[in-house]
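J.: model this:
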Amino acid sequence: MANKSGDAIHLATKLTRRQFIARGAALGAAAALPLRLWPQTSGAQHVVIRADEEIGVIRPELHGQFAEHLGSCIYGGLWVGKDSRISNINGYRRQAIDYLHELGIPVLRWPGGCFADDYHWREGIGAPERRPKRVNIHWGGYVEDNSFGTHEFMGLCRLIGAQPYLAGNVGSGSPSELRDWIEYCNYPSGSALSDERAANGSPEPFGVRYWGVGNESWGCGGDMRPEEYADEFRRYSVYLRSFGPTRPFLIASGPNGNDAGWSRGVLDGLLHHMPDGFAMHYYSGGADHPADFTAAHAADQLSSFAKVEQAVIQQRALLDEYDGGNRVALLLDEWGVWDNLTREEQARNGRLWQQITMRSGVAAGLGLNLFNRQADKLYMANIAQIVNVLHSLLLTDGAQGEHCVRTTTYHVFALFKPHRSQTSVRTETQDSSPLGLSVSASKANGQLVASFVNPHTDADIPVDCALEGARAASGSGLILHDSDWNAFNSFDAPDRIIPRPLEIRVEGGTRVRFDLPRMSVATVTLQTS
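T.: Predicted structure coming up:
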């Protein structure tokens, strides 16, 4: 994790006719949902869902999460310790575990972020009381006691059903250190490292597939030039082998935003050592405090997701230009809104603790919609971060507090959960502008799921949705909405904003109508024939 990315650097590439058409369709994609009728401020917006035009499978990993040793994400968020008076499961906050397990977390990235490139994994294994205390140089200079290490992380992943993704230390580490971490985690038995893992309580290998070879190497991960990082990746990759049946999926440090210069510099230097994955980071900054956004600043932030979508399209096209680049998976390793946070609030709740509002939920919906539309280009996306930090699913009141609340982000991920593993299909809308009605759709086994986001602060949208390539026999809808875009679920009112039924009208099997209020996210599920 780094500081805010700022504006993307736009890449001017020549697109094939197919890429041009796909790009235009992607940026114009959208769909519609019903609720009870709202006052119509304009004529209906027309949407077309082309169920017979497939894009690709929506990988569950596009709903991935990220947890860093930053503020109260780990300590006081996910981990309270086995002796805590807070209800816990072997040290994990019980309420957080229950909520995350219910949602289903496909993949969880750890321990950073910037923290990863100053983290030495051996300091987080063995008896907790004997683990060394280290200063967290990136996030506040507090003393890290390493009580949450590799085994604790693997235990968390098992409890919530997530695939583990470990970010390795390249900035201050060595190839041998990362090589040994892979062997420690994955070798079945019989070596010194696998036997040490067994002695530390885990006889069975962890089978970790996803390995980040450094993080943000252009910034907090070493401040490298792209050519330098390419040299480092090649050197590391020689030693990062399969230890046991699990082949490591090596993920290189991709660009900050849509920085084509970094991407080309790295890829030019990799020669015949292409990574399995290439991870870009893209944050959407905000000018206001999370709960005090003006309409103009909300529009500025939400419109940035069109740039994120453009970055996905262009970075994918750039990768495809290289020999073997079409086999390199594109990841959006860190994404989400990064608002203007106060020192006082961070001092009270932890670094980058961010209130999550209805606006934040709309931002999450815009991101998940674009991932659906670009399902053929993206392999994984991990929102930053899972608890308490930035665009989080859950908020807690720290190591001494019992409260744990599901944010609007959590509920938006729940609304999009039916898309997982379904096939994304083309959608078309009248307005392809950055703040136009946002739509995506997917299908599987006689079911068509469509999600809609109205990012306007001042306009309700009547939606007239036509189906092509499918007929709807029946349908239902859910919507997340509050009339105040700065409203949020608080510890005193944890269920102020939750998904509620949305009325939809299915007409003649080929049309769906409803009204979508301003600043809302909705998902419609249709049974098709």
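J.: partners of the helix or strand in which residue 46 is found in the sheet?
T.: Per DSSP states H and E: residue 46 is located in strand 45-57. Sheet pairing of strand 45-57 (DSSP bridges) gives strand 423-429 (antiparallel), strand 461-468 (parallel).
J.: which strands or helices does the following helix or strand past it pack on?
T.: Going down the chain from strand 45-57, the next helix or strand is strand 64-66, by DSSP H and E. Under the contact criterion of 3 or more CB pairs under 8 Å, 6 or more residues apart in numbering; DSSP states H and E, strand 64-66 touches strand 107-110, strand 380-384. Bear in mind the C-beta positions are built from the backbone N, C-alpha and C, glycine included.
J.: so which bits of the lengthiest helix in the chain are buried?
T.: Counting residues, the longest helix found in the chain (DSSP state H) is helix 295-320. Of the residues in helix 295-320, 297-320 count as buried by neighbour count, 16 or more other CB atoms under 10 Å.
J.: what's the angle from that helix to strand 380-384?
T.: Relative orientation of helix 295-320 and strand 380-384, computed by axes from the mean of the first three to the mean of the last three CA atoms, to 10 degrees: 150 degrees.
J.: and the next helix or strand past helix 295-320?
T.: strand 329-338.
J.: now do that following strand: distance to the chain's middle.
T.: Centre-to-centre, strand 329-338 and its host chain are 6 Å apart (CA atoms, centre = their mean, to the nearest Å).
J.: and the angle from it to strand 380-384?
T.: 20 degrees.
J.: strand 329-338 pairs with which strands, parallel or anti?
T.: Strand pairing (DSSP bridges) places strand 329-338 next to strand 277-285 (parallel), strand 380-384 (parallel).
J.: out of the ones you listed, which one sits most buried?
T.: When the strands paired with strand 329-338 are scored by mean count of other CB atoms under 10 Å, the highest mean neighbour count falls to strand 380-384 (a mean of 26).
J.: and that strand, average pLDDT?
T.: On average, the pLDDT along strand 380-384 is 98.
J.: tell me what the helix or strand just after it is packed against?
T.: Later in the chain than strand 380-384, the nearest helix or strand by DSSP H and E is strand 394-396. Packing contacts for strand 394-396, counted by 3+ CB pairs under 8 Å, 6+ apart, involve helix 94-103, strand 404-406.
J.: which stretches of the stretch 301-450 of the chain have low pLDDT?
T.: Along the stretch 301-450 of the chain, the parts satisfying pLDDT under 70 run over 399.
J.: for the helices and strands packed on strand 394-396, which one sits closest to residue 1?
T.: Shortest distance between residue 1 and the helices and strands packed on strand 394-396, using CB to CB, is found for helix 94-103: 19.8 Å.
J.: list the contacts of the closest one.
T.: 77-78, 86-89, 156, 159-161, 386-387, 393-394, 396, 402, 404, 406, 410, 413-414, 417 (CB atoms under 8 Å, 6 or more residues apart in numbering).
J.: just the buried residues of the residues you listed.
T.: Members of the contacts of helix 94-103 classed as buried by 16+ other CB under 10 Å are 77-78, 86, 88, 156, 159-160, 386-387, 393-394, 396, 404, 406, 410, 413-414.
J.: just the helices in the stretch 151-300 of the chain please.
T.: Using DSSP state H, counting those that start in this stretch, the helices of the stretch 151-300 of the chain run over 175-186, 192-199, 226-237, 260-270, 295-320.
J.: mind giving me the packing neighbours of the first one?
T.: Read it as helix 175-186. Using 3+ CB pairs under 8 Å, 6+ apart, helix 175-186 is in contact with helix 150-160, strand 163-168, helix 192-199, strand 210-213, helix 226-237.
J.: repeat for the third one
T.: Using 3+ CB pairs under 8 Å, 6+ apart as the contact criterion, the secondary-structure elements in contact with helix 226-237 are helix 175-186, strand 210-213, strand 249-256, helix 260-270.
J.: determine which of those approaches residue 359 most closely.
T.: Nearest of the helices and strands packed on helix 226-237 (CB to CB): strand 249-256, 24.2 Å.
J.: my read: residue 188 touches residue 194, true?
T.: Yes - using CB atoms under 8 Å, residue 188 makes contact with residue 194 at a distance of 6.4 Å.
J.: between those two, what contacts are shared?
T.: residue 205.
J.: looking at the two, which is more packed in?
T.: residue 194 (21 against 15; other CB atoms under 10 Å).
J.: for the more buried one, give me its contacts.
T.: So residue 194 contacts 183-184, 187-188, 205 (CB under 8 Å, 6+ apart).
J.: give me that answer again for 6 Å
T.: residue 187 (CB atoms under 6 Å, 6 or more residues apart in numbering).
J.: need the pLDDT of it.
T.: Taking residue 194 on its own, its pLDDT is 98.
J.: one more: the one 4 residues further on?
T.: According to the predicted model, the pLDDT of residue 198 comes to 98.
J.: again, but for residue 11
T.: Residue 11 is given a pLDDT of 29.
J.: so residue 100 versus residue 106, what's the distance?
T.: Going from residue 100 to residue 106 by CB to CB, to the nearest Å gives 11 Å.
J.: er, residue 322 actually
T.: 28 Å.
J.: if we ignore the residues flanking it in sequence, what's nearest residue 56?
T.: Nearest in space to residue 56, with sequence neighbours left out and distances taken as CB to CB, 6 or more residues apart in numbering, is residue 376 at 3.5 Å.
J.: so what's the residue count around that neighbour?
T.: 14.
J.: follow-up on the earlier one: looking at the strands paired with strand 329-338, which is nearest to residue 497?
T.: strand 380-384 (17.9 Å).
J.: for that closest one, give me every contacting residue.
T.: 61-62, 64-66, 109, 331-336, 371, 390-391.
J.: assumed residue 344 was part of a helix.
T.: Yes - per DSSP: H, G, I helix; E, B strand; the rest coil, residue 344 lies within a helix segment.
J.: can I take it that residue 409 is in a helix?
T.: Yes - under three-state DSSP, residue 409 sits within a helix.
J.: surely it and residue 395 touch.
T.: No - applying CB atoms under 6 Å, one finds residue 409 not in contact with residue 395, separated by 9.7 Å.
J.: so who does residue 159 touch?
T.: residue 97.
J.: where's it relative to residue 107, distance?
T.: Residue 159 is 15 Å from residue 107, by CB to CB.
J.: ok, now residue 280?
T.: Distance from residue 280 to residue 107, by CB to CB: 16 Å.
J.: again with residue 435
T.: According to CB to CB, residue 435 stands 30 Å off from residue 107.
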